[in-house]
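Colleague: Predicted model and sequence follow; I will ask about them next.
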Amino acid sequence: MLRVNRLGRTFFAEVVGLDLAKPLDEATFARVKQAHLEHGVLVFRDQRITPAQHIEFSARFGPLQIHPMSQFNLDGAPEILLVSNDTHPDGRPVGIADAGRYWHTDMSYMKEPALGSLLYARAVPAEGGDTLFCDMTAACRDLPDDMRAKLTRLKAVHHFASRWSRESAKYGVRPPQTKEEQDRNPPVEHPMIRTHPETGEPAIYAGGFAVRVQGVPEQESAEILDWVEKWVAQPKYVYRHRWRLHDLVFWDNRRVMHQATEYPVDQRRHMHRTTVKGNAPFGIRGQSPNSSAAKLTELGL
Ligand SMILES: [Fe+2]
């Protein structure tokens, strides 16, 4: 019997009574989908699923995105990205070991970013390696009026290569991207408040791939991004997930941001991730974001 238990204050729930290694009938699938929209993040405990079953379940929510760093995709199943600190016998990293140690929403650097991500724990450290999630819908609802008006009109530029090179320099475990890898994902613009295409709820949309705010001076851009990051990371919007072996966590990238935390380097952490493709983000109806610098100056923003 399927049950859904809310674990966080405003979002995040645990789904009990479901074996994802078995086919889901339409009615059960509809309940899972509804729970996902309602709670933003779902954890399914004690799942024993193969890569094929992981892919099959994920693909019911939409077409899957292949991660652009193809050397970290699972051999024979490129829909699965390896988030792992394992190494090949020659020392090369098996997966992205330092993935996402900053607030972000997955693949926001694409024109049609991720709807959701499904991360499955195949090895977890005894301590650390938690994932933090924050509810950008609740954070958006509470925005001061002046910031809401401002963010509603703004777009941010998201760029994969900028973030990759920054992380590469910081932790020293990522290989630098090739020119071809850098060129594959040119900068894209997204509204800083997007409307959820299924619930209609507005949510802040920014995160670590957002490198600057369009149409404002550089200093102001940095201040806005910094303000947003601090705002969404207030403890009342954050839920910390402590991974257990065989957890599958499915989050809605249109509603939450997430951040990985560190763990002892001598312990294994090996995860499989699939990513469901979403729509091109759009702003609040009737208030489409405007990236014109002149217009923003005119508005005194
Ligand atoms: Fe991520």
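Modeller: Noted; the coordinates are in hand. This structure is a prediction, so every number in the text was calculated from the model and none was measured.
Colleague: Send me the helix or strand where Phe29 lies as CSV with only the CA atoms.
Modeller: When secondary structure is defined by DSSP states H and E, Phe29 falls within helix 26-39. Coordinates of each C-alpha in helix 26-39 appear next as CSV, following Å, rounded to 0.1, in the frame of the first residue of the first chain:
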residue,chain,number,x,y,z
GLU,A,26,-1.0,3.7,-14.4
ALA,A,27,-2.9,4.6,-11.3
THR,A,28,0.1,4.1,-9.0
PHE,A,29,2.3,6.1,-11.4
ALA,A,30,-0.3,8.9,-11.4
ARG,A,31,-0.1,9.0,-7.6
VAL,A,32,3.7,9.2,-7.6
LYS,A,33,3.6,12.0,-10.2
GLN,A,34,1.0,13.9,-8.1
ALA,A,35,3.1,13.4,-4.9
HIS,A,36,6.2,14.7,-6.8
LEU,A,37,4.4,17.9,-7.8
GLU,A,38,3.0,18.4,-4.3
HIS,A,39,6.2,17.8,-2.3
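Colleague: In it, which residues are buried?
Modeller: Val32, Ala35, His36, His39 (16 or more other C-beta atoms under 10 Å). The C-beta positions use only the backbone N, C-alpha and C, and glycine is treated the same way.
Colleague: Any chance you could note which residues of this structure sit beside the ion?
Modeller: Residues of the chain that fall close to the ion, judged by C-beta under 5 Å from the ion: Gly100, Asp106.
Colleague: Which strand in the chain has the most residues?
Modeller: For the chain, the strand with the greatest residue count under DSSP state E is strand 114-123.
Colleague: Can you tell me the closest non-neighbouring residue to the residue in the chain that the ion sits nearest to?
Modeller: Taking C-beta to the ion as the measure, the chain has Gly100 as its residue closest to the ion, at 3.7 Å. Distances taken as C-beta to C-beta, 6 or more residues apart in numbering put Ala260 closest to Gly100, at 4.5 Å, once the chain neighbours are dropped.
Colleague: Help me confirm that the one you found comes into contact with Trp103.
Modeller: No. Taking C-beta atoms under 8 Å as the definition, Ala260 is not a contact partner of Trp103, at 10.3 Å.
Colleague: what's Phe72 in contact with, if anything?
Modeller: Under the criterion of C-beta atoms under 8 Å, 6 or more residues apart in numbering, the contact list for Phe72 reads Leu81, Leu82, Pro93, Val94, Gly95, Ile96.
Colleague: Recalculate using a threshold of 10 Å.
Modeller: Residues touching Phe72, when contacts are defined by C-beta atoms under 10 Å, 6 or more residues apart in numbering, comprise 78, 80-84, 93-97, 99, 174-175, 273.
Colleague: Drop anything exposed from the residues you listed.
Modeller: Members of the contacts of Phe72 that pass the buried threshold by neighbour count (16+ other C-beta under 10 Å) are listed as 80-84, 93-97, 99, 174, 273.
Colleague: could you turn stretch 79-86 into PDB, dropping everything but the C-alphas?
Modeller: As requested, the backbone C-alpha atoms of stretch 79-86 are provided in PDB (Å, rounded to 0.1, in the frame of the first residue of the first chain):
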ATOM      1  CA  GLU A  79      21.200   8.200 -19.700                       C
ATOM      2  CA  ILE A  80      23.000   7.500 -16.400                       C
ATOM      3  CA  LEU A  81      25.500  10.000 -15.100                       C
ATOM      4  CA  LEU A  82      28.000   8.700 -12.600                       C
ATOM      5  CA  VAL A  83      28.400  10.900  -9.500                       C
ATOM      6  CA  SER A  84      31.300   9.000  -7.800                       C
ATOM      7  CA  ASN A  85      34.700   9.200  -6.300                       C
ATOM      8  CA  ASP A  86      35.800   5.900  -7.700                       C
END
